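**Q** 3D model of this:
(one chain, ligands or ions: 1)
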Amino acid sequence: MRPPICDFCHRDSRDHPEVEFSLVSFQNRERLEQPGHPEGLLWFCRDHLERARALSHLDSHEALQRMREEG
Ligand SMILES: [Zn+2]
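**A** Numbers count the residues shown, from 1 in each chain. Next up, the predicted model:
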């Protein structure tokens with residue numbers, strides 16, 4: 001399991017202990033697995049968590065792309 005680092009803004013929980021981080025499970029969660037941390041299971045800081053959860057019906061790379069397009 002990776003340490004909590006937001007997959008959108010790359011804020012690291014170890015540098016920001018005051019910020020909450022949560023995992024979001026995307027649709028590609030079960031298809032591909034990497035040693036140690038499952039594909040499709042991403043960390044987000046509280047600023048990006050709500051948006052990520054709203055896109056969790058997508059694959060993780062599609063969700064991240066949409067978030068970047070929307071800023
Ligand atoms: Zn973030």
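**Q** secondary structure class for the spatially most distant residue from the centre of the chain?
**A** For the chain, the largest distance from the centre (CA atoms, centre = their mean) belongs to residue 18, which lies 18.2 Å off. Classification of residue 18 using DSSP: H, G, I helix; E, B strand; the rest coil returns coil.
**Q** tell me what the residue nearest the centre of the chain is bridged to.
**A** Most central in the chain under CA atoms, centre = their mean is residue 42, positioned 3.0 Å from the mean C-alpha point. With DSSP bridges as the criterion, residue 42 is bridged to residue 24.
**Q** quick check: it touching residue 27?
**A** No - applying CB atoms under 8 Å as the test, residue 42 and residue 27 come out as separate, 12.0 Å apart. No exception for glycine: its C-beta is placed from N, CA and C like everyone else's.
**Q** what about stretch 12-19, start to end distance?
**A** 9 Å (CA to CA, to the nearest Å).
**Q** distance from the chain centre to that stretch, please.
**A** Remark: stretch 12-19 is offset 15 Å from the chain centroid, using CA atoms, centre = their mean, to the nearest Å.
**Q** residue ranges for the strands of the protein, please.
**A** Counting by DSSP state E, the segments of the chain that form strands are 21-25, 41-45.
**Q** just list what the first one packs against, helices and strands only.
**A** I take that to be strand 21-25. For strand 21-25, the contact count by 3 or more CB pairs under 8 Å, 6 or more residues apart in numbering; DSSP states H and E identifies strand 41-45, helix 46-54 as packing neighbours.
**Q** ranking the ones you listed by burial, who's on top?
**A** strand 41-45 (a mean of 23; mean count of other CB atoms under 10 Å).
**Q** which helices and strands does that strand pack with?
**A** By 3+ CB pairs under 8 Å, 6+ apart, strand 41-45 packs against strand 21-25, helix 60-70.
**Q** residue 42 and the ion, how far apart?
**A** Noted for residue 42: a distance of 10 Å to the ion, by CB to the ion, to the nearest Å.
**Q** that residue: what's it in contact with?
**A** Counting by CB atoms under 8 Å, 6 or more residues apart in numbering, residue 42 makes contact with 7, 23, 24, 26, 52, 60, 64.
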